[in-house]
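> requesting a structural model of the entry that follows:
(one chain, ligands or ions: 3)
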Amino acid sequence: MSTEHPVLRSDAPLDLRLSDTELDATADHLATFIEGVIADAGAEGAVIGLSGGIDSTTVAYLAVEALGPDAVHGLVMPSVANSEENMSDAEWVAQELGIEYDVVEIQPIAETFFDAFPEAADDRMAAGNVYVRTRAVLNYFVANHEDKVVLGTGNRAEAMAGYYTKYGDQAVDCNPIGNLYKQQVRQLAAHLGAPENLVTKTPSAEMWSGQTDEEEMGLGYDTLDAILALHVDGPLSKAATVRTLDVDESHVERVVDLYERSAHKRAMPPAPEPLHR
Ligand SMILES: Nc1ncnc2c1ncn2[C@@H]1O[C@H](COP(=O)(O)OP(=O)(O)OC[C@H]2O[C@@H]([n+]3cccc(C(=O)O)c3)[C@H](O)[C@@H]2O)[C@@H](O)[C@H]1O
Ligand SMILES: Nc1ncnc2c1ncn2[C@@H]1O[C@H](COP(=O)(O)OP(=O)(O)OP(=O)(O)O)[C@@H](O)[C@H]1O
Ligand SMILES: [Mg+2]
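Ligands and ions are numbered 1, 2, ... in the order given. Next up is the predicted model:
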């Protein structure tokens with residue numbers, strides 16, 4: 001398969017695309033990783049939440065490469081915030097890959113939480129996080145019952161920016177694409193055979209209608225990827241990053257702020273040092 005996918009002729013400020021050889025090796029490496037996690041856990045397979053977005057689509061393709069379709073169970077879990085297009089794309093992915101899947105409407109479950117605290121129900125962030133955490137409970141319900149592991153779909157850009165719900169979509173057993181920047185995830189998805197409409201889709205958490213990742217974070221993934229790669233993960237100073245990428249200094253500061261403010265999400269919950277041993 002070719003990387004000469006039209007959307008991947010990147011005009012990103014930093015071209016992080018992998019070569020065809022690197023993509024082949026990456027697909028093998030990530031499939032081997034998934035296989036290893038399942039073997040180490042002594043598990044029977046994997047559960048994955050399917051959103052119709054490119055991150056879960058990529059992990060689903062990798063899981064089938066690693067384990068075969070019979071060992072993968074997809075969960076499509078619509079709330080009122082999900083578009084019909086995304087939910088039908090999620091089902092399409094499961095059907096295309098030949099994996100077992102269920103559609104579980106989470107709105108009634110979430111409404112039970114909202115009824116318990118009606119004053120919080122109109123807070124779209126608090127309520128959106130309820131949708132996300134409800135899906136985590138369902139993923140683990142099925143995984144426990146079927147002796148499977150829960151596959152995460154977080155990528156490196158989300159992880160470093162803290163752009164996920166603590167104990168929500170990050171409540172998983174492993175993150176196969178956790179070290180790929182977003183543009184590399186899109187590229188790998190195309191390489192694995194995902195269709196263009198999924199590869200190019202606008203990323204959204206769909207915690208409320210119309211939400212988009214890039215609008216909420218205040219910058220595009222291509223810029224986020226580039227600043228992370230050069231400055232936060234890499235050795236370049238703020239000034240050198242601004243010069244190299246020809247981006248506004250405020251973008252670099254924004255990324256550093258997202259990274260620093262989300263440190264608590266990448267660490268164990270802190271406890272005081274023991275006073276007496
Ligand atoms: N320094 C610190 N030490 C310990 N805890 C700290 C803390 N700072 C905040 N906290 C606590 O962290 C909690 C807030 O974190 P959290 O509950 O995660 O909520 P929060 O980070 O406020 O919101 C989640 C963010 O992730 C985005 N998201 C979520 C899910 C999926 C996707 C997607 O891309 O699909 C994106 C969502 O749009 C939103 O921007 C609060 O309890 C807060 O008090
Ligand atoms: N409606 C849903 N049903 C099932 N799983 C979901 C749903 N919404 C979100 N998820 C799970 O939460 C994960 C995090 O969502 P996120 O939006 O970051 O990824 P994505 O939708 O796969 O890709 P993108 O970031 O491009 O939208 C998804 O990959 C998926 O595993
Ligand atoms: Mg999404």
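> near ligand 1, which residues of this structure are found?
Residues of the chain lying close to ligand 1 by Cβ under 6 Å from any ligand atom are 125, 129, 132, 158, 163-166, 168-169, 205, 207, 213, 216, 264. Any C-beta I mention is one placed from the backbone N, CA and C, and that applies to glycine too.
> now, these that are in helices?
Cross-referencing these against helices under DSSP state H gives Met125, Asn129, Val132, Glu158, Asp213, Glu216.
> and the nearest residue to the first one once chain neighbours are set aside, how close does it get to Gly218?
Leaving aside its sequence neighbours, Met125 sits nearest to Met207 (Cβ to Cβ, 6 or more residues apart in numbering; 7.4 Å). In this view, Met207 and Gly218 are 17 Å apart by Cβ to Cβ, to the nearest Å.
> and those two? which has more neighbours close in?
A direct count of neighbours by other Cβ atoms under 10 Å for Met207 and Gly218 places Met207 higher, at 22 against 14.
> which pLDDT value goes with that one?
The score at Met207 is 98. That number is its pLDDT.
> same question, Arg277
We note a pLDDT of 86 for Arg277 in this prediction.
> repeat that for Ser2.
41.
> circling back: within reach of ligand 2, which of the residues of the chain next to ligand 1 are there?
With Cβ under 6 Å from any ligand atom as the criterion, the residues of the chain next to ligand 1 include Asp169, Ala205, Asp213 near ligand 2.
> about what we covered before: show the buried residues in the ones in helices among the residues of the chain next to ligand 1.
Asn129, Val132, Glu158, Asp213 (16 or more other Cβ atoms under 10 Å).
> against Asn144, how distant is the residue nearest to Thr202 when sequence neighbours are not counted?
Once flanking residues are discounted, Thr202 sits nearest to Thr212: 5.6 Å by Cβ to Cβ, 6+ apart. According to Cβ to Cβ, Thr212 stands 33 Å off from Asn144.
> thinking again about what came up before, how about the ones in helices among the residues of the chain next to ligand 1, which pair is most distant?
Taking Cβ to Cβ as the measure, those span a maximum distance of 16.4 Å, between Met125 and Glu158.
> residues contacting Thr223?
Neighbour list for Thr223: Ala12, Pro13, Leu245, Val247, His251 [criterion: Cβ atoms under 8 Å, 6 or more residues apart in numbering].
> if we use 6 Å, what do you get?
With contacts defined as Cβ atoms under 6 Å, 6 or more residues apart in numbering, Thr223 is in contact with Pro13, His251.
> tell me which element it falls in.
Taking DSSP states H and E as the definition, Thr223 sits inside helix 221-227.
> as a whole number, average confidence for that helix?
The average pLDDT for helix 221-227 rounds to 97.
> tell me the first helix or strand C-terminal of that helix.
Counting by DSSP H and E, the next helix or strand C-terminal to helix 221-227 is helix 238-245.
> orientation of the following helix or strand past that next one relative to helix 238-245 in degrees?
For helix 238-245, the following helix or strand on the C-terminal side (DSSP H and E) is helix 249-261. On the basis of axes from the mean of the first three to the mean of the last three Cα atoms, to 10 degrees, helix 249-261 is oriented at 120 degrees to helix 238-245.
> counting by contacts, list what helix 249-261 packs against.
Judged by 3 or more Cβ pairs under 6 Å, 6 or more residues apart in numbering; DSSP states H and E, helix 249-261 is in contact with helix 221-227, helix 238-245.
> apply 7 Å and report the result again.
Using 3 or more Cβ pairs under 7 Å, 6 or more residues apart in numbering; DSSP states H and E as the contact criterion, the elements in contact with helix 249-261 are helix 156-161, helix 221-227, helix 238-245.
> in this protein, where is pLDDT below threshold?
For the chain, the stretches flagged by pLDDT under 70 are 1-10.
> re earlier: same list, the buried ones among the ones in helices among the residues of the chain next to ligand 1, but as TSV with distance to His191 please.
Formatted as TSV, these follow (distance: Cβ to Cβ, whole Å):
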residue	distance to His191
Asn129	33
Val132	28
Glu158	20
Asp213	22
